[in-house]
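[1] here is my input; please provide its structure:
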Amino acid sequence: MAKKRVKPEDKDPELDMSSLIDVSFLLLIYFIVTSTLDPKEADLGMTMPTSQSDGSTDVEIDQMTINVNSSGHIVVNEEVLDSDVTNREVPVLLDRLTTYAESARLTDSEPMVVIAADDAAKGQRFVDVLNALAHETVAIKNVTISGFNED
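    From the prediction side, this is the model:
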């Protein structure tokens, strides 16, 4: 009779964990190195509005537009300031320019003026406006000159 083969008693199978631990550490190092860390939140330095004034203003002064029409009248913001063509001193314009220049300088901005002269206006009236801008109480240096036609 044939003899039956007897299997040796099998132990529980064992798995070598050392290589798995090595792979897991390599993966951990890979993900740590390649990930981007969120930067720490820093103080933004924002100033919140308060009811107290710190002396600074955020007011900006618009440019002033001076029109010299064909009859020689000086018009600022649709208001005729100096209609007497013979008076070369232009006192009303000088007063308005002085107020404008002072208010612009109080807000730490540079006063700017646009002179729009009609093509038919006399050149002397245009020079009178330039002289008012150069007056010692006004001293506005940012001036733009343009022409127009009254229709």
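
[2] so which strand or helix has the residue nearest to Ser109 when sequence neighbours are not counted?
    Of all residues not flanking Ser109 in the chain, Ile61 sits nearest, at 5.2 Å (Cβ to Cβ, 6 or more residues apart in numbering). All C-beta atoms are positioned from the backbone trio N, CA, C, and that covers glycine. Assessed by DSSP states H and E, Ile61 sits outside every helix and strand.

[3] and Val127, what does it touch?
    Listed by Cβ atoms under 8 Å, 6 or more residues apart in numbering, the contact set of Val127 is empty.

[4] for Arg88, same thing?
    So Arg88 contacts 124, 128, 131 (Cβ under 8 Å, 6+ apart).

[5] Validate this expectation: it resides in a strand.
    No: Arg88 sits outside any strand when classified using DSSP: H, G, I helix; E, B strand; the rest coil, being coil.

[6] can you pull the phi/psi pair for it?
    phi -80, psi -10 (degrees, to the nearest 10).

[7] quick one: list the elements packing against the host helix or strand of Leu26.
    Here Leu26, judged by DSSP H and E, is contained in helix 18-34. With contacts defined as 3 or more Cβ pairs under 8 Å, 6 or more residues apart in numbering; DSSP states H and E, there are no secondary structure elements packing on helix 18-34.

[8] quick one: low-confidence ranges for the protein?
    1-3, 6-8, 10, 38-58, 149-151 (pLDDT under 70).

[9] so where do the strands sit in it?
    Ranges of strands in the chain, per DSSP state E, are 64-68, 74-76, 79-82, 112-118, 142-148.

[10] could I get those strands as TSV with distance to Asp12?
    Output for the strands of the chain, formatted as TSV (distance: least, Cβ to Cβ, whole Å):
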stretch	distance to Asp12
strand 64-68	97
strand 74-76	102
strand 79-82	104
strand 112-118	92
strand 142-148	93
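
[11] got a markdown table for these, with mean neighbour count and distance to Leu27 too?
    Output for those, formatted as a markdown table (neighbours: other Cβ atoms under 10 Å; distance: least, Cβ to Cβ, whole Å):
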| stretch | mean neighbour count | distance to Leu27 |
| --- | --- | --- |
| strand 64-68 | 20 | 71 |
| strand 74-76 | 21 | 76 |
| strand 79-82 | 16 | 79 |
| strand 112-118 | 18 | 65 |
| strand 142-148 | 13 | 66 |
